[in-house]
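*Asks:* Generate a structure from the sequence data that follows.
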Amino acid sequence: MAFLEERGAITQRPFDAAACPEATLADISEEKIAGFLARAQRARGYPLDPETPMPAALAHMDLLDDDRPTRAAVLLFGKQPQRFLITSEVKCLHFHGTEVRKPIPSYQVYRGDVFQLVDQAIDFVMSKIVRSVGTRAAGPQVPVTYELPRDAVAEAIVNAVAHRDYSSNASVQVMLFADRLEVWNPGELPPNLTLEQLRRPHPSIPHNPLIAEPLFLARYIEKAGTGILDMIELCGEARLPEPDFRQDGGQFVQTLWRDWLTAEVLSAAGLNERQTAAVAYLRSSGRITNSQYQEMYHVAKRSAHRDLADMLRKGLVARVGLTGKGTYYVLGKSAAVTLRELAAIHKEVAARPKGPQRSQMGRKEPKEVATTSKGPQRSQRGRNEIKRGAKSTR
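*Replies:* Residues are numbered from 1 along each chain as shown. Sure, this is the predicted structure:
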């Protein structure tokens, strides 16, 4: 048992707390430790001086196991962490569409310590998304706004690197699509934490506590379990859909939704003025009901239903609830159809003949009444009832 623990085959402690097989203090960078201590002092008032000798600093952070560097020490401050933990790299991919397809326009594999991995992955994403540059009217610095909040992107990537299962042969993958950012990391949520609980205040349960602590000291993360809630709030402030979280085959997946409803998409969709205004309203308010649509755009219930059903078909909105007063509509999170398909749908709808035909939503037209030159004909039953009524009055 002791031999297997020493070789790292089994462990009774967190994976990051065990000694890293074959690693020695010579594999740890004194320069990295000194730089970290200086940053931790500034950010959190950490008591250790940047000049603290490496063995003492590692011991103070519980990063030694019988005077040998732990896996956490190698991942945090190693000169070549991937020499000992090969899959601790981060893979970043950029796709122009909404699916994983070759050829891949941009593909980078980043190596280094956990701080470098996080920084490089964040820079990869931010360099690929839309940004707007303001003016110096409010101060000496030019404000830059990204379509995805940088802090939300950083939170997702830090979560993946800090909480991944480092015993897995899989790597963290950061994939940017036309409509979303997905961050995959090997591992699962703790048994006592569900996907639903992530959206409510919840405790912080780090998978790798010895890695999480230095990330906290360097202000990459917080200890209060607020990271996911911060992501949700940041996306809401940016008028983006709420992030999604799921487990997928031993992988934890975080999805941040981009604003895919560009001017090009909306033009191809062929929206009328009411629908265009509804998209703008949804960007700011988040949801709309059929009743609100009627009131805001002064249309009948049937017209509101037709407009919303058209937007639903094109994937521009999603319906929450089936029927009744609790039903409302939100912006679609991703393109249900391509630009070409959107244009084809619009062309098909525009080509439909006008008139009292049955609508696509199952609308029933008024029943025709058989008429003669003397006016509407009554049924035989109706004529008999009239005769009986006439006799009773005699």
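*Asks:* Grab the nearest non-local neighbour of R101.
*Replies:* The shortest distance from R101 to any non-neighbouring residue, by C-beta to C-beta, 6 or more residues apart in numbering, is to F95 (6.6 Å). For glycine as for every other residue, the C-beta is placed from the backbone atoms N, C-alpha and C.
*Asks:* if I pick that neighbour, what's in contact with it?
*Replies:* Contact partners of F95, counting by C-beta atoms under 8 Å, 6 or more residues apart in numbering, are R101, I104, P105, M175, L176, F177, A178.
*Asks:* quick one: L76 from W257, how far?
*Replies:* Noted for L76: a distance of 32 Å to W257, by C-beta to C-beta, to the nearest Å.
*Asks:* between these two, who's got more neighbours?
*Replies:* Using other C-beta atoms under 10 Å as the criterion, L76 and W257 rank with L76 on top: 28 against 20.
*Asks:* which stretch of helix or strand covers the more buried one?
*Replies:* Under the criterion of DSSP states H and E, L76 resides in helix 71-77.
*Asks:* Show me the helices in the stretch 151-300 of the chain, by range?
*Replies:* For the stretch 151-300 of the chain, applying DSSP state H, counting those that start in this stretch gives helices covering 209-217, 227-237, 263-269, 273-285, 290-297.
*Asks:* Figure out which of these is closest to L331.
*Replies:* For the helices of the stretch 151-300 of the chain, proximity to L331 was assessed by C-beta to C-beta; helix 273-285 is nearest, at 4.8 Å.
*Asks:* Could you list every helix and strand in contact with the closest one?
*Replies:* Judged by 3 or more C-beta pairs under 8 Å, 6 or more residues apart in numbering; DSSP states H and E, helix 273-285 is in contact with helix 290-297, helix 301-313, strand 328-331.
*Asks:* Can you say which of the ones you listed is packed in most?
*Replies:* strand 328-331 (a mean of 19; mean count of other C-beta atoms under 10 Å).
*Asks:* outside of it, which residues touch it?
*Replies:* With C-beta under 8 Å, 6+ apart as the criterion, strand 328-331 contacts 241, 261, 279, 282-283, 286-289, 308, 311-312, 316-321.
*Asks:* picking up where we left off before, give me the next element, helix or strand, following the helix holding L76.
*Replies:* Following helix 71-77 toward the C-terminus (DSSP H and E): helix 81-84.
*Asks:* How far away from the center of its chain is the helix or strand following that next one?
*Replies:* For helix 81-84, the following helix or strand on the C-terminal side (DSSP H and E) is strand 90-94. The gap between where strand 90-94 is centred and where its chain is centred comes out at 16 Å by C-alpha atoms, centre = their mean, to the nearest Å.
*Asks:* Report the mean per-residue pLDDT for strand 90-94.
*Replies:* Mean pLDDT, strand 90-94: 98.
*Asks:* Could you do stretch 171-190 as well?
*Replies:* Averaging pLDDT along stretch 171-190 gives 95.
*Asks:* And for stretch 128-144?
*Replies:* Across stretch 128-144, pLDDT averages out at 69.
*Asks:* Same check on stretch 17-30?
*Replies:* For stretch 17-30, mean pLDDT rounds to 97.
*Asks:* Show the end-to-end separation of it, please.
*Replies:* One end of stretch 17-30 sits 20 Å from the other (C-alpha to C-alpha, to the nearest Å).
*Asks:* what comes up buried for it?
*Replies:* By neighbour count on 16 or more other C-beta atoms under 10 Å, the buried set for stretch 17-30 is A17, A18, A19, C20, A23, D27, I28, S29.
*Asks:* now the second one: how far from V161?
*Replies:* As defined by C-beta to C-beta, A18 lies at a distance of 19 Å from V161.
*Asks:* Show me what the helix holding L76 is packed up against.
*Replies:* helix 30-44, helix 81-84, helix 114-126, helix 209-217.
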